[in-house]
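# Got a predicted structure here, sequence first:
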Amino acid sequence: MQNIEKSTDIQTRDYFEEDEIDLIELFYTLLQEKIVIIGVTILVFLISLVITLITPKTYKAEVLVEIRENPINNKIMISFSEIQEAIDLYKKSHDPLLKIQLTQLRGTEDKIKIEVEDSSPEEAKNTLKKIISLINSELFQEKYKDITKIIEYTDLKI
């Protein structure tokens, strides 16, 4: 009976010795592999540096636009899709690779966010100004003329 207990104690002791981590041995192992560790660290640093230097810088300009309502029927004067079409035409005629994103704010029909990305902050800002000018001058003026004609026609009819 005592032999069984002794063998169990030995097995238990061996199990715990195998499960322990020898920190000194681990330190020496890391010390032996220091060239590999330093090499991998330098390699990762150089790769990230090259990627950072190669990747072109982009700047974003954004604006929130609120569309006016039509005074006759209290609906928005121009729709999201009309603005999207105008921006698509602008991109085709000026720069097809231009990054312009148009987003309609959730739960609204009259608020639109326009974002422009470019290689310099000035260019992004200028492109955004041109798009706002396009929306104001061409789209709104066209709709305003249509509304004015409707009002004049209605006045003549009455």
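Noted; the coordinates are in hand. Note that this is a predicted model, so its numbers are computed, not measured.
# what about the strands in this structure?
59-66, 99-104, 111-118 (DSSP state E).
# which of those strands sits most buried?
For the strands of the chain, the largest average neighbour count (mean count of other C-beta atoms under 10 Å) is found in strand 111-118, namely a mean of 18. C-betas here are computed from N, CA, C, even on glycine.
# Just checking: what are the partner strands of it?
Note on strand 111-118: by DSSP bridges, its sheet partners are strand 59-66 (antiparallel), strand 99-104 (antiparallel).
# What mean pLDDT does it get?
Strand 111-118 carries an average pLDDT of 88.
# who touches it?
Residues from elsewhere that reach strand 111-118 (C-beta atoms under 8 Å, 6 or more residues apart in numbering): 58-67, 80, 83, 87, 98-105, 124, 127-128, 131-132.
# How about stretch 92-109?
Residues outside stretch 92-109 that contact it (C-beta under 8 Å, 6+ apart): 58, 64, 67, 76, 80, 83-84, 87, 90-91, 111-118, 127, 131.
# re earlier: got CSV for the strands paired with strand 111-118, with mean pLDDT too?
Shown next, in CSV, are the strands paired with strand 111-118 (pLDDT from 0 to 100):
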stretch, mean pLDDT
strand 59-66, 87
strand 99-104, 87
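# any chance of these in JSON lines, with distance to residue 41 too?
JSON lines is the format used below for the strands paired with strand 111-118 (distance: least, C-beta to C-beta, whole Å):
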{"stretch": "strand 59-66", "distance to residue 41": "32"}
{"stretch": "strand 99-104", "distance to residue 41": "35"}
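# What segments of this structure are helices?
Counting by DSSP state H, the chain has these helices, from start to end: 2-19, 23-32, 34-54, 80-94, 121-133, 141-157.
# what about residue 29, how many neighbours?
Counted with other C-beta atoms under 10 Å, residues neighbouring residue 29 total 10.
# Okay, it and residue 22: tell me how far apart.
Distance of residue 29 to residue 22, computed by C-beta to C-beta, to the nearest Å: 10 Å.
# what do you get for residue 83?
In terms of C-beta to C-beta, residue 83 sits 69 Å off from residue 22.
# if you count what's nearby, which of these two comes out ahead?
Set residue 83 next to residue 22 and count neighbours by other C-beta under 10 Å: residue 83 wins out with 20 against 10.
# So for residue 34, which of the strands of the chain sits nearest?
strand 59-66 (42.3 Å; C-beta to C-beta).
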